[in-house]
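Trainee: sharing a model prediction with you, sequence too.
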Amino acid sequence: MAKEEIFCGIKDVLTNQISLPEDDLIREVAKVFGYCRLGGNVEQAMKMGIDFALEVGEIIRKDERIVLPEK
C-alpha cells in the first residue's frame, strides 16, 4: 500500500474525528482499508503513511494528538 493512499485514509479519518492519538489513528486508518486487526505489517504501513504526512506538513502533532493543520 502506497504512503499516499494511506495519507488519503488519514485525511478522511481526521476530517471526521478532528484529532486522535497516534495509536487510535493507526487503528482507524487500518479500518478504512478493511483491516479488522493490526498486524506488524499493517501497523508499519500506517506509521509510514503518518510519517509521510507529517514530513510534508499535511498533518501535525498537537498536544500528543494528530490533527489536520488549520488552513
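Mentor: Cool, the structure landed. Numbers count the residues shown, from 1 in each chain.
Trainee: show me where the protein has its helices.
Mentor: Ranges of helices within the chain are 3-17, 22-32, 40-55, based on DSSP state H.
Trainee: can you redo the ones you listed as TSV with mean neighbour count?
Mentor: No exception for glycine: its C-beta is placed from N, CA and C like everyone else's. Output for those, formatted as TSV (neighbours: other CB atoms under 10 Å):
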stretch	mean neighbour count
helix 3-17	16
helix 22-32	18
helix 40-55	16
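Trainee: so where's the protein shaky on pLDDT?
Mentor: Within the chain, not a single segment meets pLDDT under 70.
Trainee: what do you get if the cut-off is 90, keeping everything else the same?
Mentor: For the chain, applying pLDDT under 90 flags the ranges 1-4, 36-38, 70-71.
Trainee: now the residue nearest to the spatial centre of the chain: how far from Pro21?
Mentor: The centroid of the chain falls nearest to Ile10 when counting by CA atoms, centre = their mean (3.8 Å). Ile10 sits 13 Å away from Pro21 when distances are taken as CB to CB, to the nearest Å.
Trainee: ok, now Met46?
Mentor: For Met46 relative to Pro21 (CB to CB), the value is 13 Å.
Trainee: list the contacts of the closest residue to Glu28 other than its chain neighbours.
Mentor: Spatial nearest neighbour of Glu28, chain neighbours left out: Val13 (4.6 Å); criterion: CB to CB, 6 or more residues apart in numbering. For Val13, the contacting residues are 20, 25, 28-29, 32, by CB atoms under 8 Å, 6 or more residues apart in numbering.
Trainee: mind redoing it with 7 Å?
Mentor: 25, 28-29, 32 (CB atoms under 7 Å, 6 or more residues apart in numbering).
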